[in-house]
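Chemist: Okay, predicted coordinates and the sequence, questions at the end:
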Amino acid sequence: MLRHCCLLLVILCLLGDLLPVAAQDTTATTANKGGYLIVRHINVTGNKKTRTSIILRELNVVPGDTIYLNNLAETLEENRKQLLNTSLFLNVTANVVNWEGEEADITFDVWERWYTIAVPVLKLADRNFNQWWVEKKHSLSRVNIGLKGTQGNLTGRNDALYAAIQFGYTQRIVFQYSVPYIDKKYQHGLGILFSYSRNREVNDSTSFNKQLFFRQDDFVRQVYNIGLTYSYRPGINTRHQATLTYNYEEVADSVLLINPNYLGDGRKRAQFLDLVYRVTYTQADSWQYPLRGIHLLGEIGKRGFAGLNDVNDVHIRINAAKYWQLYAKTYFALGLRSQAKFGAQQPYINRQALGYSDDYLRGLEYYVIDGTSFAILKSTLRQEVLSTRFRLPIVPKKFSAVPLRIFVKAYGDTGYSYSKFPGNGTLNNQMLYTGGVGLDIVSFYDTCLRIEYSVNQLGQKGLFLHTSIDM
């Protein structure tokens, strides 16, 4: 009960801090009654592939709107950044033109990205770089290779087609297509997914918060996933999403000899339906590497129903992050990641908590803390030390300018993972603490390299590398 109260308190504090800001913004806009302009037309230039209607969908200003001059620069910049957040464009400029009396046109000039990308797959089988480099002795047998291709903005509607074929540690084939809008009001979207994978090695159990693996020459595990996604986006910042996925997993008999509860009840095969509803709200200067704004995610899911229920649970997830600018080029972020899963008796494959995906504490990358519920609170202080651009040779001029930003940072994390059956997990059911300093290098196509030196509550220190934002 105490854990749930603390979690609720943190969420309320975050949300409580957000609501007054929204009220103040509305009041300020109403109060600015100096000079104004009336938007006559909105023009879009530079879009050879992207449909103009898709671009206009992202704007919070329409012809006929009145914009007070005190808010004009802020309005243009807000809409410019929103177009960049679509990940459709390398750059966007916004200008007021044809000003006549109180009326004027607004023009957005966009630089479209390369939308067709085919690159080799070079991916580690392990959870992070450090686990592969240190614990697995940077074994090349744990590297996946292959080819993946993305055709973004396929029909000019910000739809994306993705396919990949992979060999090595995991043999995998993936096909995915998503279209954000299928209706004339640009609110409803659909997506489909198919994937198949097989392995000669499987993470069959956990001991003392370390993953254990079983390997043999023949394939010991195969997985099928078929999914359908429906999305609803009534405005710019809020998105609703419902996903229904059919899952099938089968393992070799030898896996069951090691861990009969791997798929639950000593079964060799498991199939189940997974229904998830998720709502997200993002209002930030950048959706890829935010420095100012907020991000909220709420999710509820039911795993196992309609007779396909070899795995069965109900889960709730809440993620929240708030980003502040404290001073010039100085930023602070506070983030919460949490999950509650109802159904304590779960097979091994459904007990992943801390240490998996993005649900980890910086400094505990070598460990996993299995369980059904968890919460992580992360705080980061950043200082920008470099912001520049450089040009790549040979590449066409439009795409040759590469932005580069470097931030130094200090951070601290705390977390807790609950398991009714912790076994010999010494990190389960106790408060965990980590902290450290590092560098974030942010560049082209939303890439981010994080170099972090962390220490955990066990007194262990280490240098860790990541390629995604930390909250």
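Modeler: Alright, I've got the coordinates.

Chemist: Settle this for me: E384 is touching L404, isn't it.
Modeler: No - with contact defined as Cβ atoms under 8 Å, E384 does not reach L404; the gap is 11.3 Å. Yep, even glycine has a C-beta here, placed from its N, CA and C like the rest.

Chemist: Of those two, which one has the most company?
Modeler: Between E384 and L404, counted using other Cβ atoms under 10 Å, the more crowded position is E384 (16 against 13).

Chemist: List the residues that contact that one.
Modeler: 329-331, 405-407 (Cβ atoms under 8 Å, 6 or more residues apart in numbering).

Chemist: Narrow these to those that are buried.
Modeler: Taking 16 or more other Cβ atoms under 10 Å as the criterion, what is buried in the contacts of E384 is 331, 405-407.

Chemist: Show me those that map onto helices.
Modeler: Cross-referencing the buried ones among the contacts of E384 against helices under DSSP state H gives no overlap.

Chemist: Switch the residues you listed over to CSV; also include pLDDT and distance to G343.
Modeler: Output for the buried ones among the contacts of E384, formatted as CSV (pLDDT from 0 to 100; distance: Cβ to Cβ, whole Å):
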residue, pLDDT, distance to G343
Y331, 98, 40
R405, 93, 44
I406, 95, 45
F407, 97, 41
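
Chemist: where does this structure have low pLDDT?
Modeler: By pLDDT under 70, the weakly predicted segments of the chain are 1-34, 395-400, 444-446.

Chemist: the residue most distant from the middle of it, which is it?
Modeler: Distance from the C-alpha centroid of the chain, by Cα atoms, centre = their mean, peaks at G101 (45.7 Å).

Chemist: all helices of the stretch 151-300 of the chain, in order?
Modeler: Under the criterion DSSP state H, counting those that start in this stretch, the stretch 151-300 of the chain contains helices at 253-258.

Chemist: Would you mind listing the two of the buried ones among the contacts of E384 that lie farthest apart?
Modeler: Y331 and I406 (13.3 Å; Cβ to Cβ).

Chemist: And for the closest residue to P180 other than its chain neighbours, the neighbour number?
Modeler: Spatial nearest neighbour of P180, chain neighbours left out: G189 (4.1 Å); criterion: Cβ to Cβ, 6 or more residues apart in numbering. Look at G189: counted by other Cβ under 10 Å, it has 21 neighbours.

Chemist: before we move on, what about the one 3 residues further on?
Modeler: As a burial measure, I192 scores 13 neighbours (other Cβ under 10 Å).

Chemist: Identify the bridge partners of it.
Modeler: Beta-bridge partners of I192, counted by DSSP bridges, are Y177, L228.

Chemist: now what about stretch 223-237, what contacts it?
Modeler: Residues contacting stretch 223-237 (Cβ under 8 Å, 6+ apart): 58, 60, 82, 178, 180, 186-198, 239-250, 281-283.

Chemist: Look up the closest residue to L59, ignoring the ones flanking it.
Modeler: N79 (5.1 Å).

Chemist: what packs against the strand or helix carrying the one you found?
Modeler: Secondary structure assignment for N79, by DSSP states H and E: helix 69-85. Judged by 3 or more Cβ pairs under 8 Å, 6 or more residues apart in numbering; DSSP states H and E, helix 69-85 is in contact with strand 36-45, strand 89-100, strand 103-112.

Chemist: most tightly surrounded among the ones you listed?
Modeler: The highest average neighbour count among the helices and strands packed on helix 69-85, using mean count of other Cβ atoms under 10 Å, belongs to strand 103-112 at a mean of 18.

Chemist: What is the subsequent helix or strand relative to that strand?
Modeler: Counting by DSSP H and E, the element after strand 103-112 in chain order, helix or strand, is strand 116-124.

Chemist: in that following strand, what's buried?
Modeler: 121, 123-124.

Chemist: next one: stretch 204-224
Modeler: 204-206, 209, 211, 214, 220-223.

Chemist: In terms of distance to Q457, which of those ranks first?
Modeler: N209 (12.8 Å).

Chemist: Please report how far the closest one lies from Q166.
Modeler: For N209, the distance to Q166 (Cβ to Cβ, to the nearest Å) stands at 29 Å.

Chemist: Looks to me like L56 is in a helix.
Modeler: Yes - assessed by DSSP: H, G, I helix; E, B strand; the rest coil, L56 belongs to a helix.

Chemist: got the contact list for it?
Modeler: 42, 44, 62.

Chemist: A340 too?
Modeler: 4, 315-317, 372-373.

Chemist: Redo those as TSV? Include neighbour count and distance to T93.
Modeler: Formatted as TSV, the contacts of A340 follow (neighbours: other Cβ atoms under 10 Å; distance: Cβ to Cβ, whole Å):
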residue	neighbour count	distance to T93
H4	12	49
H315	18	44
I316	14	43
R317	17	38
T372	23	50
S373	21	47
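
Chemist: about what we covered before: give me the distance between the residue nearest to P180 and W132.
Modeler: From G189 across to W132, the span is 36 Å (Cβ to Cβ).

Chemist: List the buried residues for stretch 283-290?
Modeler: Applying 16+ other Cβ under 10 Å to stretch 283-290 flags 283-287, 289-290 as buried.

Chemist: Same check on stretch 379-399?
Modeler: 380-382, 384.

Chemist: quick one: which of these sit in strands?
Modeler: The members of the buried residues of stretch 379-399 that map onto strands under DSSP state E are 380-382, 384.

Chemist: Closest one of the residues you listed to G307?
Modeler: Comparing those against G307 with Cβ to Cβ places T380 closest, at 45.6 Å.

Chemist: check contacts around the nearest residue to Q82 once chain neighbours are set aside.
Modeler: Leaving out its chain neighbours, the residue that sits closest to Q82 by Cβ to Cβ, 6+ apart is E58, at 5.2 Å. Taking Cβ under 8 Å, 6+ apart, we find E58 in contact with 79, 82-83, 85-86, 236.

Chemist: Please tell me how far E58 sits from N43.
Modeler: 15 Å.

Chemist: Identify all contacting residues around stretch 464-471.
Modeler: Contact with stretch 464-471 is made by 128-130, 288-290, 321, 333, 335, 337, 358, 362-363, 365, 378, 380, 411, 440, 447-454, as judged by Cβ under 8 Å, 6+ apart.
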